[in-house]
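K.L.:
predicted coordinates and the sequence they were generated for:
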Amino acid sequence: MARPAVRHTVDFNRVANLPRRRLDPVDAKAWAHVLTPLLVADGSGESLRPWQAMSLVEIAEHPCGAVLGLPVGIGKTLIAYLSEAVCKAERPIMIMAATLVDKTWDDFGKLATQWKQPRNPFNILTRESLALEPNHGLLESIQPDLIYLEEADEFANWESAACQVIDRYVMSARAAGRTIKVIAGTGTLVRKSIMAMWHIFRWCLGEDGSPMPKDRYEAQRWSQALDEQTREPINRPSPGPLGPNRREALRWYHDRVLETPGIVIIDEDSCNAALTIRTRLAREDEVLDQVYKDFSKYSKTPGGLYVTDPLSRWTLDAFLGCGLYNRYVEQPPEEWREANRAKSKFVRDRIYQTRHARRPMLTEGQVLRHHASHPIVEAWREIKDTFDPVTETIWFSRSTIDSVEDWLEELDLPGQGIIWTGSVDFGQALAKETGLEYYGAGGQCAAGHGLHEAPPGKSFVASWNANKRGFNLQAWPRQLWIHPPQSAKWLEQGFGRSHRSGQMVDVVIDILLTSGGTIDAFEAAVREARFAKSSHALTQKILRANIVRATPKITPSNRFRWASRSDRD
């Protein structure tokens, strides 16, 4: 069978022949001098930074909007605040995660004392509310002529309900001849696939101005040829007109995106303070070693929860590393347990067997949908709802809690540290053990105040999943990550809470290694950051930092704890 290839189409010619321009820092500085007196409040003494001014110029000049790939901490909130003025928008809206709304209103309140107040203030909608079915017609009722997507990488999934609502409104409005601008602001454009930007490019630049094919199927062929893959696929398409090989094709795409009008990508750090990232080994523990041995051998936790796909393996692996596992409050019937065991093994086997396929199966959902008529899947579907698997959390090791207390004792100054955790159970237990506040969903703590009101001079524990964006936490230059995400995008956001413009103290980030899975997650984040740089020109903090890696001492008794996922496969 012939190897698939990217085709040389009319639309490829359109992309290749789009105008090209290079952003000039001299021009950016000049625009800052021009725009500042037009936008600043009398007597405030504030001034635009050069790249803020250049972003506003691109927003004003491009008829469909702009894509702003700017470093974390460079001041995207001010750009958003002033975009209404430069666009002369009548009905501007911002769409963001619900956790950022209160913080954004606080920021806008401060900016209103320094900059001219908008003639038509933004209406803020949340991504979560937009996804609800009763709100699917909300944009049509508001008829916005400016949409600002805050942290636009959160809109990467085109098939999500919120993205479908936006896509339907934007494309139908333009088809009807109405003018609408869309601005996407983010510090992390992509993770693992250029398809994350396909719809965002066409919203912000129009179909004719996008540096990707109009046809989604053709864009997916580009994606298959260019994207980063953990395992090199056997049938990766030839890049065809993009270049003689993947490396050259990726360089061509990188330059094409960087030089496209309406795209502002600034590949520089917003912070001059040094950044050091260190991986740090958790305390040894014989109990933990035995649990990981059984986890590897039986592909399930001590509580009976099975590994199915790579995500569940990482989640369970990291949870065990915290010294925790979940077990059923009420033991399931034998028939239910056996059907669950058979289903989990079937899913694992199918994912492993298709790992080199052109379209590998990566999740349990994919396998169950594709093999809906398989006897094992049918048996599981028939029995699944006969038992409600309520679970409870069990502690079995203090290794990680003790390791965190070690870290707190080693801080140069008390109260200068943030402990980020991916587990609510661990975060709450750690807060109780140490007497520190834990900031969870919505950036709130048990005392009732938000993370933006955290008292300086006191360390705290926070959920990275709930609070990794938006907050200025430069008063805490030391961070410790527990149960860290396997994503450079999410690490970038968390690092940027402390390592940001205005930081005067060197920032030190420690990643606590509790298992081989946490080592794998960190290295996967490094690879992801390299792909983001090679495809969209943004160098994330993980690549700018001085990385100091710790190497576990592996013995026969602890080798399963430090084994990688590939070793266990």
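P.N.:
Sure, I can see it.

K.L.:
which stretch of helix or strand covers residue 293?
P.N.:
helix 286-298 (DSSP states H and E).

K.L.:
correction: the previous question concerned residue 560.
P.N.:
Under the assignment given by DSSP H and E, residue 560 is not contained in any helix or strand.

K.L.:
tell me the contacts of it?
P.N.:
Under the criterion of Cβ atoms under 8 Å, 6 or more residues apart in numbering, the contact list for residue 560 reads 289, 292, 293, 295, 296, 297. C-beta here means a position set from N, CA and C on the backbone, and glycine is covered the same way.

K.L.:
what number of residues lie near residue 551?
P.N.:
Counted with other Cβ atoms under 10 Å, the burial measure for residue 551 works out to 10 neighbours.

K.L.:
quickly note the distance from it to residue 210.
P.N.:
In this structure, residue 551 lies at 45 Å from residue 210, with Cβ to Cβ, to the nearest Å as the measure.

K.L.:
beta-bridge partners for residue 277, please?
P.N.:
Under the criterion DSSP bridges, residue 277 forms beta bridges with residue 509, residue 547.

K.L.:
distance of it from residue 497?
P.N.:
For residue 277, the distance to residue 497 equals 14 Å [Cβ to Cβ].

K.L.:
quick revisit: packing partners for the helix holding residue 293?
P.N.:
Other helices and strands packing on helix 286-298, by 3 or more Cβ pairs under 8 Å, 6 or more residues apart in numbering; DSSP states H and E, are helix 310-321.

K.L.:
so after the helix it packs on, what's the next helix or strand?
P.N.:
For helix 310-321, the succeeding helix or strand toward the C-terminus, using DSSP H and E, is strand 324-328.

K.L.:
can you give me the strands for the stretch 251-400 of the chain?
P.N.:
If DSSP state E, counting those that start in this stretch is used as the criterion, the strands of the stretch 251-400 of the chain fall at 263-265, 275-281, 324-328, 391-395.

K.L.:
for residue 403, which of those is the nearest?
P.N.:
If you check each of the strands of the stretch 251-400 of the chain against residue 403 by Cβ to Cβ, strand 275-281 wins as the nearest, at 7.8 Å.

K.L.:
so which bits of the closest one are buried?
P.N.:
Residues of strand 275-281 classed as buried under the neighbour-count rule (16 or more other Cβ atoms under 10 Å) are 275, 277, 278, 279, 280.

K.L.:
can you redo those residues as TSV with distance to residue 121 and pLDDT?
P.N.:
Compiled in TSV, the buried residues of strand 275-281 are given as follows (distance: Cβ to Cβ, whole Å; pLDDT from 0 to 100):
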residue	distance to residue 121	pLDDT
275	36	95
277	40	97
278	44	96
279	45	96
280	46	95
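
K.L.:
and which of those is nearest residue 204?
P.N.:
Among the buried residues of strand 275-281, residue 275 lies closest to residue 204 (Cβ to Cβ), at 30.1 Å.

K.L.:
which residues touch that closest one?
P.N.:
By Cβ under 8 Å, 6+ apart, the neighbours of residue 275 are 495, 499, 506, 507, 509, 541, 544, 545, 546.

K.L.:
just the buried members of these?
P.N.:
495, 499, 507, 509, 541, 544, 545.

K.L.:
mind checking which of the residues you listed land in strands?
P.N.:
Applying DSSP state E to the buried ones among the contacts of residue 275, the entries found in strands are 507, 509.

K.L.:
tabulate the buried ones among the contacts of residue 275 (a markdown table), appending distance to residue 59 and pLDDT.
P.N.:
Below are the buried ones among the contacts of residue 275 laid out as a markdown table (distance: Cβ to Cβ, whole Å; pLDDT from 0 to 100):
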| residue | distance to residue 59 | pLDDT |
| --- | --- | --- |
| 495 | 27 | 92 |
| 499 | 27 | 90 |
| 507 | 31 | 95 |
| 509 | 33 | 96 |
| 541 | 26 | 90 |
| 544 | 27 | 91 |
| 545 | 31 | 93 |
